[in-house]
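> Here's a sequence, model it:
(one chain, ligands or ions: 1)
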Amino acid sequence: MSDIRNQWRDLVRRHALNFDQPGNDRFWSPELETASRERLREIQGEKLALAYRYLWECSTFYRGKFEQAGLGPDSIRGIDDLTRIPVTHREQWLVDQEEHPPWGTFSPLRQEDWTERGWMLFTTSGTTAAQPRVFRHTTFDRDLWTWLGARALYAMGVRRGDVAINCFGYGTSVAFWGLHYALNLMGVPVIPGGGSNTERRILFINTYKPTVLTCTPSYALYLGRAMEDAGLSPQESSIRLLVCAGEPGACVPATKKRVENLWHAKMHDDFGCTEVAMAPLGYTCSEQVRKTDTPVDTHLMEDAAIPEVLHPDTMEPVAEGQAGILVVSNLYSEAQPILRYVMGDWITVDSTPCACGRTHARAVGGLQGRNDNLLKIRGLMFFPAVIEDSIRRLVDVGDEFKVEITHRDSMDHIKVTIEPASQIPKSSYDPPRERVARALKGSLGINVEVEVVPYGTLPRTQFKAQRLFDMREKIGKH
Ligand SMILES: [Zn+2]
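Got it, this is the predicted structure:
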């Protein structure tokens with residue numbers, strides 16, 4: 001008789017339909033992607049019950065949490081029991097890994113699993129010198145990520161015949177690898193741009209004619225501008241699809257429009273989370289991506305994860321269509337079948353049918369930002385993406401900008417620094433300054449100080465952008 005670990009892997013694998021190739025020309029896994037909502041709940045419930053038992057038996061961290069909540073080994077029998085499971089916060093994970101170095105006890109993986117069929121070590125991104133959180137995954141996990149990634153890319157329109165250039169970092173973050181293996185499975189050759197510099201990537205695009213570009217939204221702008229500076233045209237390049245991750249850019253209408261105009265290509269969004277949704281949790285389909293002036297919705301991979309929307313204070317589920325914070329349970333990993341992990345992004349979910357034919361619910365407007373990135377200024381609350389959208393709607397304003405928030409004279413102040421779109425003399429700075437100030441007043445409802453600096457002054461972003469500097473935190477006047 002197989003043990004719980006094998007039972008879990010068998011169940012996950014049994015539900016992984018069309019594991020090696022697409023089922024038809026529209027959907028990679030047609031039966032899953034167009035399943036009824038009832039069938040999706042059934043699949044989720046069956047996997048949830050076994051994931052729970054697997055964690056009960058094999059994860060010290062989780063068993064402790066379950067016991068503390070008064071649960072027993074058979075307490076979770078289906079999807080209706082989901083909310084009995086306590087949520088897990090990032091900080092709890094941190095403490096567990098600090099107390100039990102180097103891996104922590106949340107993962108059900110044993111040392112022998114790691115050495116027998118370990119695939120790779122990953123870490124959270126973070127740029128500080130502090131010890132990153134680490135995650136081990138097995139070859140079983142790799143194959144599941146690959147399959148899920150292929151489903152998402154297929155929904156975006158990537159097909160055999162495409163050639164991809166993957167410009168995520170070849171390192172310990174998950175983005176590069178998930179995409180790389182998925183493209184391999186799809187029969188799409190990959191030019192690994194991860195270890196190259198921008199000059200080289202431009203050469204690769206210009207010479208080897210890839211049709212799919214994967215990178216952060218900031219880098220899509222940076223690379224396109226660098227091509228223009230080199231006298232080449234991204235519009236006329238071979239790139240027809242951009243698969244962007246790492247920032248909410250593809251869901252910020254003005255940024256999406258800017259990138260799509262720059263490359264004359266469609267810009268897709270692909271998001272996940274290193275802790276709980278290593279393969280794509282959300283992705284845009286070829287129907288959603290047609291939107292040009294409104295935010296795109298991203299499908300949620302519901303047979304492979306359970307996305308919940310909870311009220312941030314009560315942690316109780318909110319009604320569909322209401323905004324709340326995203327909590328996710330993983331239903332496919334051997335190393336991290338994490339249940340009810342608080343991703344913390346604000347989300348609104350819509351499960352009405354999508355024009356593409358998929359039945360999986362969508363995050364309306366994608367992910368707008370994490371709860372801890374929500375800016376509170378003079379009684380107003382908004383995400384930095386609102387500022388980005390307002391600035392990038394203006395064609396005579398450059399791609400880069402900086403936002404500084406200070407507290408003086410008992411008041412919060414926002415200052416935005418922009419560049420003109422091209423080199424113009426200082427005497428011509430007033431029109432863009434006034435337009436940006438007007439646009440921000442319109443979208444935020446407060447006056448914003450705008451400074452224009454010469455083109456090329458602000459730092460160019462090559463990976464994830466750091467554009468917001470909230471100086472209030474340092475002096476504790478939040
Ligand atoms: Zn769709």
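
> Now residue 52: closest residue in space, sequence neighbours ignored.
residue 76 (4.0 Å; CB to CB, 6 or more residues apart in numbering). For the C-beta atoms, the positions are set from N, CA and C on the backbone; glycine is no exception.

> wait, doesn't that neighbour sit right on residue 49?
Yes: Residue 76 is within contact range of residue 49, at 5.5 Å (criterion: CB atoms under 8 Å).

> Give me the phi and psi for the residue of the stretch 51-200 of the chain found nearest the ion.
Going by CB to the ion, the ion is nearest to residue 155 of the stretch 51-200 of the chain, at 7.0 Å. Per-residue torsions, residue 155: phi -60, psi -30 (degrees, to the nearest 10).

> burial count for it?
27 (other CB atoms under 10 Å).

> OK, contacts around it?
Listed by CB atoms under 8 Å, 6 or more residues apart in numbering, the contact set of residue 155 reads 27, 28, 33, 283, 284, 285, 286, 299, 356, 358.

> do residue 367 as well
248, 251, 271, 282, 298, 326, 345, 346, 347.

> Export those as CSV, with columns for distance to residue 214 and secondary structure.
As requested, the contacts of residue 367 are exported to CSV (distance: CB to CB, whole Å; DSSP: H, G, I helix; E, B strand; the rest coil):
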residue, distance to residue 214, secondary structure
248, 16, coil
251, 17, helix
271, 13, strand
282, 16, strand
298, 16, strand
326, 23, strand
345, 21, strand
346, 25, strand
347, 23, strand
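
> from these, which single one is nearest the ion?
Nearest member of those to the ion, counting by CB to the ion, is residue 298, at 9.1 Å.

> Quick check: that closest one touching residue 362?
Yes: counting by CB under 8 Å, residue 298 does reach residue 362; the two are 6.1 Å apart.

> follow-up on the earlier one: inside strands: which ones of the contacts of residue 155?
283, 299 (DSSP state E).

> For the ion, tell me which of the contacts of residue 155 show up nearby.
The subset of the contacts of residue 155 within reach of the ion, by CB under 5 Å from the ion, is 285, 356, 358.

> Next up, the contacts around the nearest residue to the first one once chain neighbours are set aside.
The reference is to residue 285. Closest residue in space to residue 285, ignoring its immediate chain neighbours: residue 356 at 4.1 Å, by CB to CB, 6+ apart. For residue 356, the contact set (CB under 8 Å, 6+ apart) comprises 26, 155, 285, 286, 287, 288.

> Most neighbours out of the contacts of residue 155, which is it?
Result: residue 284 is most packed of the contacts of residue 155 (other CB under 10 Å), 31 neighbours.

> follow-up on the earlier one: any shared contact partners between residue 298 and residue 362?
residue 288.

> The two - which one has more neighbours?
Taking other CB under 10 Å, residue 298 and residue 362 do not tie; residue 298 has more neighbours (29 against 23).

> For the closest residue to residue 157 other than its chain neighbours, give me phi and psi.
With CB to CB, 6+ apart as the criterion, residue 157 has its nearest non-adjacent residue at 4.5 Å, and that residue is residue 286. Main-chain torsions, residue 286, degrees, to the nearest 10: phi -70, psi -10.

> how about residue 286, what does it touch?
Contacts of residue 286 by CB under 8 Å, 6+ apart are 155, 156, 157, 266, 356.

> Residue 96 too?
61, 104, 105, 106.

> is it true that the first one touches residue 104?
Yes: Residue 61 lies in contact with residue 104 (CB under 8 Å); the separation is 6.7 Å.

> For residue 463, give its distance to residue 80.
Remark: distance between residue 463 and residue 80 (CB to CB, to the nearest Å) = 42 Å.

> max-length strand in the protein?
Under DSSP E, the chain gives strand 397-408 as its longest strand.

> quick one: strands adjacent to that strand?
Its sheet considered, strand 397-408 pairs with strand 411-420 (antiparallel), strand 468-470 (parallel) by DSSP bridges.

> in the longest one, what counts as buried?
If you call a residue buried by 16 or more other CB atoms under 10 Å, then strand 411-420 has these buried ones: 412, 413, 414, 416, 417, 418, 419, 420.

> Now do the same contact list for the fourth one.
For residue 416, the contacting residues are 387, 391, 401, 402, 403, 404, 436, 440, 448, 449, 450, 451, by CB under 8 Å, 6+ apart.
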